[in-house]
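1. Give me a model of this one.
(one chain, ligands or ions: 2)
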Amino acid sequence: MANRTAVGIVGAGPAGLFLSHLLQREGIDCVILESRTRAHVEGRVRAGVLEQGTVDLMHELGAGERLRRECMVDQALDIRFSGRLIHLDLPGLTNGKVVTIYGQQEVVKDLIAARLKAGGRIEFEAEVIALDGIDGDRPAIRYRKDGKEETLTCDFIAGCDGFHGVCRGAIPDGVLTLYDSIYPFGWLGILSESPPLKEMTYANHERGFALCSRRSPRISRLYVQCTPDEDLSLWPDARIWDELHIRIGDEGRSDLKEGRIFQKGVTPVRSFVAAPMRHGRLFLAGDAAHIVPPTGAKGLNLAAADVRVLARALAEFFSTGSNVRLERYSDTCLRRVWKVVRFSNYMTSLLHRFPSHTPFDRRVQLAELDYVLTSRAGGTTIAENYVGLPFEDF
Ligand code: RFL
Ligand code: PHB
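-> Ligands and ions are numbered 1, 2, ... in the order given. Predicted coordinates for the structure are as follows:
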């Protein structure tokens, strides 16, 4: 197999997979290099909330058939605090918009299957170790596969290798400005065989944040705020259920149904942006360039938004030779990124207990929740960001 392609994509997460489909649609050759096995990538439990733009993209790419059949639509978002309930009617506050619940690993499975069916090349267990010549016009990706070192020569490289990938680090020192904010807590997430609450429910409680989401009518996806480096052995199932009931105001244990917990994990909560998202012929997209705290449910959607911009810019280059959109790539993406960072930070600040909070800070937080409860403007701000800001012309 000739080891040469137009766009070498590092990473088969949502960013890399969406990009490969978008490029294929434009007739641009690409290869994905992914360090993990297909089973590992397809089994990773992560996001669950898709903006309409992300759903539309799945359909446009012809990969939305199972999504259409199996997804669930969320018309509302509930926030519980101090015995009160904020019920945000999403369509009512956003001219009819909703969000879709469909697990990230299902998106990934569908995109991989469709890509391979169309004859696309995804190399699993191909670990990228270095990028060469990103300042020139023949960059190359060095990777290890089956114990051997290989080189993939490209016109462009898309760094879609997530926060812990190698691409961002290949940019020379002094080029990137890194913006970082690490929150003093994590999320302990579980999957449980139990019917979910009717609405997506976020809770602010004295003991910390909780979130009740779902994956299907029989599978709940539940989270509780914990310490950033929480030891899972300190969280037997009974403790998780106790905290969930208390934090959502279900002391009578009648609302939230319990079931067998079959997956548990801890996730750090951070905001991070690397700018610019491009150096020479290397373009960063998705978590490789930015992380948002999960409270806004935006990471996957932002990854999809980045590669939409990148695919259009690459298509312009390959069809006309123009660099104009490639030059604008980083600025175009960062405008959306910073608005999403802002919203995710807002939701995180609104809903979590911070160890540093003084009684004053706590009162202000509760007043903010009370404001959202009673003000259409306050509710609209959350709703319009939650369903996804419109795409500006790019
Ligand atoms: P990914 O998914 O991390 O994929 C990167 C891929 O690159 C591979 N890789 C390499 N391959 C080759 N060589 C190397 N040297 C490599 N290094 C890494 C990795 O194996 C991997 O396959 O990044 P991508 O594509 O940018 O996608 C980002 C999303 O995964 C992420 O933003 C979301 O999961 C965030 N997120 C949520 N986003 C939403 O839009 N809605 C949500 O409801 C939502 N909930 C969440 C979330 C993330 C969570 N966690 C676990 C961080 C809930 C949680 C708990
Ligand atoms: C999820 O279903 O995993 C989920 C939902 C909402 C969030 C984060 C994660 O804000």
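2. following the longest helix belonging to the chain, which helix or strand comes up?
-> Assignment by DSSP state H gives helix 324-351 as the longest helix of the chain. Downstream of helix 324-351, the next assigned helix or strand under DSSP states H and E is helix 359-374.
3. Spell out the secondary structure type for the residue in the stretch 51-200 of the chain that ligand 1 sits nearest to.
-> Per Cβ to the nearest ligand atom, Gly162 is where the stretch 51-200 of the chain lies closest to ligand 1, at 2.7 Å. No exception for glycine: its C-beta is placed from N, CA and C like everyone else's. At Gly162 the chain is in coil, as set by DSSP: H, G, I helix; E, B strand; the rest coil.
4. can you pull the contacts of the residue nearest to Glu149 when sequence neighbours are not counted?
-> Spatial nearest neighbour of Glu149, chain neighbours left out: Arg142 (6.3 Å); criterion: Cβ to Cβ, 6 or more residues apart in numbering. Applying Cβ atoms under 8 Å, 6 or more residues apart in numbering to Arg142 gives the contacts 128-132, 149-151.
5. Please narrow the residues you listed to those residing in strands.
-> Mapping the contacts of Arg142 onto strands (DSSP state E) picks out 128-132, 149-151.
6. Can you flag the buried ones in the contacts of Arg142?
-> Among those, those scoring as buried are 128, 131 (criterion: 16 or more other Cβ atoms under 10 Å).
7. Distance to ligand 2 and pLDDT for the contacts of Arg142 - can I get that in JSON lines?
-> Below are the contacts of Arg142 laid out as JSON lines (distance: Cβ to the nearest ligand atom, whole Å; pLDDT from 0 to 100):
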{"residue": "Val128", "distance to ligand 2": "28", "pLDDT": "98"}
{"residue": "Ile129", "distance to ligand 2": "32", "pLDDT": "98"}
{"residue": "Ala130", "distance to ligand 2": "34", "pLDDT": "98"}
{"residue": "Leu131", "distance to ligand 2": "32", "pLDDT": "98"}
{"residue": "Asp132", "distance to ligand 2": "38", "pLDDT": "98"}
{"residue": "Glu149", "distance to ligand 2": "38", "pLDDT": "98"}
{"residue": "Glu150", "distance to ligand 2": "36", "pLDDT": "98"}
{"residue": "Thr151", "distance to ligand 2": "38", "pLDDT": "98"}
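8. Helix, strand or coil: sort out the residue of the chain most remote from its centre for me.
-> Distance to the chain centre peaks in the chain at Gly252, reaching 34.2 Å (criterion: Cα atoms, centre = their mean). Secondary structure, three-state DSSP: Gly252 is coil.
9. Need the per-residue pLDDT for it.
-> Looking at Gly252, its pLDDT is 95.
10. Look up how far Asp78 lies from it.
-> Going from Gly252 to Asp78 by Cβ to Cβ, to the nearest Å gives 18 Å.
11. ok, now Glu392?
-> For Glu392, the distance to Asp78 - Cβ to Cβ - is 30 Å.
12. Neighbour count for those two, which is higher?
-> Asp78 (17 against 8; other Cβ atoms under 10 Å).
13. Validate this expectation: the more buried one resides in a strand.
-> Yes - counting by three-state DSSP, Asp78 is found in a strand.
14. Enumerate the beta-bridge partners assigned to it.
-> Beta-bridge partners recorded for Asp78 (DSSP bridges): His87, Thr201.
15. isn't it right up against Glu199?
-> Yes - using Cβ atoms under 8 Å, Asp78 is in contact with Glu199, at 4.4 Å.
16. hmm, who's touching stretch 328-338?
-> Applying Cβ under 8 Å, 6+ apart, the contact partners of stretch 328-338 are 273, 275-278, 283, 285, 289-290, 302, 305-306, 309-310, 313, 389, 392, 394.
17. Just the buried subset of those residues, please.
-> When burial is judged by neighbour count using 16+ other Cβ under 10 Å, the buried members of the contacts of stretch 328-338 are 273, 275-278, 283, 285, 289-290, 302, 305-306, 309-310, 313, 389, 394.
18. Could you list which of those residues belong to helices?
-> Reading helices off these with DSSP H, I get 302, 305-306, 309-310, 313.
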